Every structure is written in structure tokens, then in C-alpha cells.
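J.: Got a predicted structure plus its sequence, pasted below:
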Amino acid sequence: MNTFIFALALMNSIASPLSPAATVAAIKAAEPKKVTVIATAYTPRPEETDSTPWLTAAGTKTREGIIAANWLPFGTKVKIDGEVYTVEDRMHSRYTKASPARIDIVFLSLDKARKFGKQKMEIEILSNNENPLGIVS
């Protein structure tokens with residue numbers, strides 16, 4: 001039993017090369033990050049999506065307040081024109097390495113989506129305090 005506890009303690013010390021202070025510093029929230037993107041709009045219609053238009057890639061119901069972005073993890077919160085959106089969907093793979101980065105915003109109204117169109121804009125990726133899943137950038 002003592003050998004097992006010693007081995008477990010040894011594995012933990014090897015697996016955690018950072019000091020406790022460095023670990024705490026790494027966990028602290030980063031400042032929000034501003035990024036210029038190309039933003040487009042879409043509606044949950046079969047003509048614009050896959051065969052499951054009311055289901056996001058994250059497995060949630062498609063609704064306003066959701067964006068698709070291939071370059072941000074699911075759950076990431078972003079602020080666009082003062083409103084907070086959550087990444088829960090993905091775009092076509094051709095947009096994965098697009099430069100500038102692309103986002104697609106869900107609209108339930110086709111008229112509103114068309115009116116939004118395609119825009120180059122600055123978005124704010126919220127810090128870890130406001131983004132429970134955190135982001136890796």
C-alpha cells in the first residue's frame with residue numbers, strides 16, 4: 001500500500017512540472033481579446049445548413065445568440081456590437097483556415113439575416129472570467 005501511495009505521489013510530481021505559483025498564474029483570467037473577422041449570417045434552413053438545421057454541432061438547439069466559428073472552442077463567449085454570443089456551431093470546413101477569421105451568426109428571420117449580410121467587424125473574445133470553458137489562443 002505504501003509503495004502505491006509513493007508511486008502515485010511520484011507520478012503527480014512528474015506530471016506537474018510547474019510550481020504552484022506558476023499554475024495559479026496560468027489559471028488567472030486573461031484580458032478580453034479583440035479580433036477582426038468576416039461575419040456572415042445564417043438561418044436554420046435546410047438550404048443553408050446540413051440535414052439537421054435545428055441542431056448545432058455542439059448538440060444544442062439552434063437559436064439566436066449562437067455563432068458558428070471553426071477557430072474557437074465550443075462554449076467560447078464573444079461580444080459583437082454589445083451583445084454576447086456563444087460558439088455552439090461550426091462552419092463549412094473551407095472556412096477553417098480563412099484569413100481573416102470567419103464567424104456565422106444565427107438569425108431566425110431570413111430578412112434579418114439578409115439585412116446583416118457579410119461584414120468585416122471587430123469582435124471581443126471574452127476573458128476566462130466570462131467564458132467558463134476558457135479559450136486557448
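T.: Looks like it came in fine. Residues are numbered from 1 along each chain as shown.
J.: use CA for all of it now, contacts and neighbours both
T.: OK.
J.: quick one: contacts for P32?
T.: Contact partners of P32, counting by C-alpha atoms under 8 Å, 6 or more residues apart in numbering, are 124-127.
J.: Of these, just say which sits nearest to E88.
T.: Within the contacts of P32, the smallest distance to E88 is 14.3 Å, found for I125 (C-alpha to C-alpha).
J.: ok, what's across the strand from the residue nearest to the closest one when sequence neighbours are not counted?
T.: Excluding the flanking residues, the one nearest I125 by C-alpha to C-alpha, 6 or more residues apart in numbering is V78, at 4.5 Å. According to DSSP bridges, Y85, I125 are recorded as the beta-bridge partners of V78.
J.: I figured V78 hits S127, correct?
T.: No: between V78 and S127 no contact is recorded; they are 9.1 Å apart, counting by C-alpha atoms under 8 Å.
J.: what's the neighbour count on the residue nearest to I125?
T.: Close neighbours of V78, defined as other C-alpha atoms under 10 Å, add up to 25.
J.: quick one: it from I123, how far?
T.: V78 sits 7 Å away from I123, taking C-alpha to C-alpha, to the nearest Å as the criterion.
J.: List the contacts of L126.
T.: Under the criterion of C-alpha under 8 Å, 6+ apart, the neighbours of L126 are 31-33, 76-79.
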